[in-house]
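[1] I'll drop the sequence and a predicted model, then ask my questions.
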Amino acid sequence: MSDTAFQLTTIALKEIRDAARGRLFAVVSLLLIVCGATALIVGAVAMNAEVADYAASRDLLLSLGKSADALAPPSFKPLALLGGFIEYLEIIGAILGIVLGHRAAASERGRNTIGLLLTRPLSFRLLLAGKMLGNLAALVMILAIVFIIGAAGITLIGGVGLTAADTARILVTFAAAALYVGSFFLLGLILALHMRRPAHAIMAAFAIWLPLVLIAPQIGDTLDPDNQVGAGVFRTLGIAKPREKQIMTSFATYETVRDGIEQLSPAKHLERWSFAALGIKEIYYGQPLVTVMRDRWSDAAWLIGLFTALLAALFMLPPNFANLKKD
């Protein structure tokens, strides 16, 4: 192993150990796992209740000597159990990334060890690369645990075995989630490295998180007329899809503004990609994954672009060593 690879591996392993020992990281990770499992259980209970209602109605019709053909069976979409799970991931996963990114820089600033480390034959960029790889590995491990729990929950709680196609859909969702959480990790790290005080950096990170993860998606959902009724306005009124599209052309400017607000949010791009890949969005249910990915490529491109831009900023912004030594 070369000296560079040895240094990179040593720093990355140290970061993984530090992350595992971090109390706040452990608390946020546990919160993500508990919330994800809770959302899965709630979804499974709701699905089982829907199936039980259908079975009871069918049995009643048959006992009355009537045909059950007119009774539509419930739409059985096991991967839809991950819907609430993804929504928690959007919020808590971003917090997890910010916390870990901030810790990676603030801990060195607090101990004044960056200057000491750089007295060794070690470049600042190599130090950053080691920190980034170690912490991203820690994040991926946590996400992997969360997704494994989700996949196991579908089988154990929902009583549904996963096919190879289902596993592929979960894997592309996992990849998008890793990019999303990784982006917030880079944001927390960059701010903690370059802002004058670590406390200001964490406040700035959450000031960015708030509109991107909570406010913009909420505004978009609230302004969406189809979200004003649980099952959708158009479906509730019995309006067919072609007629729905015709009606919405009269609100083209309104819809463009509403969609533009949503497009600003990486959380919304993760949700759109995940809901399409998992077949939660009605129009994508039953479609081949390749077709879905081709249709939603812009969401994947947005997440990849955000991660790449933050990665470039991490390595291209010149460090201010005077600031790093002050706290």
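    Happy to help now that I have it.

[2] where does pLDDT dip in the stretch 101-250 of the chain?
    Applying pLDDT under 70 to the stretch 101-250 of the chain picks out residues 110-112, 114-119, 158-159, 225-238, 241.

[3] please enumerate the helices of it.
    Under the criterion DSSP state H, counting those that start in this stretch, the stretch 101-250 of the chain carries helices at the ranges 114-117, 124-156, 164-194, 198-209, 216-223, 233-236, 241-248.

[4] apart from its chain neighbours, what residue comes closest to Val213?
    Nearest non-adjacent residue to Val213, counting by CB to CB, 6 or more residues apart in numbering: Ala267, 4.6 Å away. For glycine as for every other residue, the C-beta is placed from the backbone atoms N, C-alpha and C.

[5] let me see the contact set for that neighbour.
    For Ala267, the contacting residues are Glu90, Ile91, Ala94, Tyr180, Leu212, Val213, Ala216, Pro217, taking CB atoms under 8 Å, 6 or more residues apart in numbering as the criterion.

[6] now for those: which two are most distant?
    Greatest spatial distance among these (CB to CB): Tyr180 and Ala216, at 14.3 Å.

[7] and the two? Which one has more around it.
    Using other CB atoms under 10 Å as the criterion, Tyr180 and Ala216 rank with Tyr180 on top: 27 against 20.

[8] against Gly97, how distant is that one?
    From Tyr180 across to Gly97, the span is 8 Å (CB to CB, to the nearest Å).

[9] one more: Asn320?
    Separation of Asn320 from Gly97 (CB to CB): 23 Å.

[10] which one's more surrounded, those two?
    Set Asn320 next to Gly97 and count neighbours by other CB under 10 Å: Gly97 wins out with 26 against 13.

[11] okay but that one is in contact with Leu139, surely?
    Yes: between Gly97 and Leu139 there is a contact under CB atoms under 8 Å: 6.5 Å.

[12] need the overlap of contacts for these two.
    Residues within reach of Gly97 and of Leu139 at once, by CB under 8 Å, 6+ apart, are Val181, Gly182, Phe185.

[13] for the first one, give me its contacts.
    Taking CB under 8 Å, 6+ apart, we find Val181 in contact with Leu89, Gly93, Ala94, Leu96, Gly97, Leu139, Leu143.

[14] from those residues, pick the one nearest Asp295.
    Of all these, Asp295 sits closest to Leu89, with 22.0 Å by CB to CB.

[15] how about that closest one, nearest residue that isn't a chain neighbour?
    Leaving aside its sequence neighbours, Leu89 sits nearest to Ala177 (CB to CB, 6+ apart; 5.7 Å).

[16] next: Ile170.
    The shortest distance from Ile170 to any non-neighbouring residue, by CB to CB, 6+ apart, is to Ala151 (5.7 Å).

[17] re earlier: per-residue pLDDT, the residue nearest to Val213?
    Ala267 is assigned a pLDDT of 92 by the prediction.

[18] so what does the residue of the chain most remote from its centre look like in phi/psi?
    The C-alpha centroid of the chain is most remote from Gly65, which lies 49.4 Å away (CA atoms, centre = their mean). Backbone torsions for Gly65, taken as degrees, to the nearest 10, come to phi 80, psi 20.

[19] what distance do you get for it to Ala56?
    Gly65 sits 17 Å away from Ala56, going by CB to CB.

[20] could you do Val34 as well?
    Distance check for Val34 against Ala56: by CB to CB, it reads 33 Å.

[21] same check on Leu270?
    37 Å.

[22] Ala138 reaches Leu13, doesn't it?
    No: using CB under 8 Å, Ala138 is not in contact with Leu13, being 10.6 Å away.

[23] avg pLDDT for the host helix or strand of Tyr54?
    Per DSSP states H and E: Tyr54 is located in helix 23-63. Computed over helix 23-63, the mean pLDDT rounds to 78.

[24] next, the angle from it to helix 164-194.
    Between helix 23-63 and helix 164-194, the angle comes out at 150 degrees (axes from the mean of the first three to the mean of the last three CA atoms, to 10 degrees).

[25] pull the CA atoms of stretch 182-189 into CSV?
    Extracted C-alpha coordinates of stretch 182-189, given in CSV (Å, rounded to 0.1, in the frame of the first residue of the first chain):
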residue,chain,number,x,y,z
GLY,A,182,-24.2,13.0,1.5
SER,A,183,-25.0,16.4,0.1
PHE,A,184,-26.1,17.7,3.5
PHE,A,185,-22.9,16.1,5.0
LEU,A,186,-20.8,18.1,2.6
LEU,A,187,-22.8,21.3,3.3
GLY,A,188,-22.2,20.9,7.1
LEU,A,189,-18.5,20.2,6.6
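
[26] any residues touching it, and which ones?
    Counting by CB under 8 Å, 6+ apart, residues outside stretch 182-189 touching it are 93-102, 104-105, 131-132, 135-136, 139, 201-202, 205, 208-209, 266, 303, 306-307, 310-311, 313-314.
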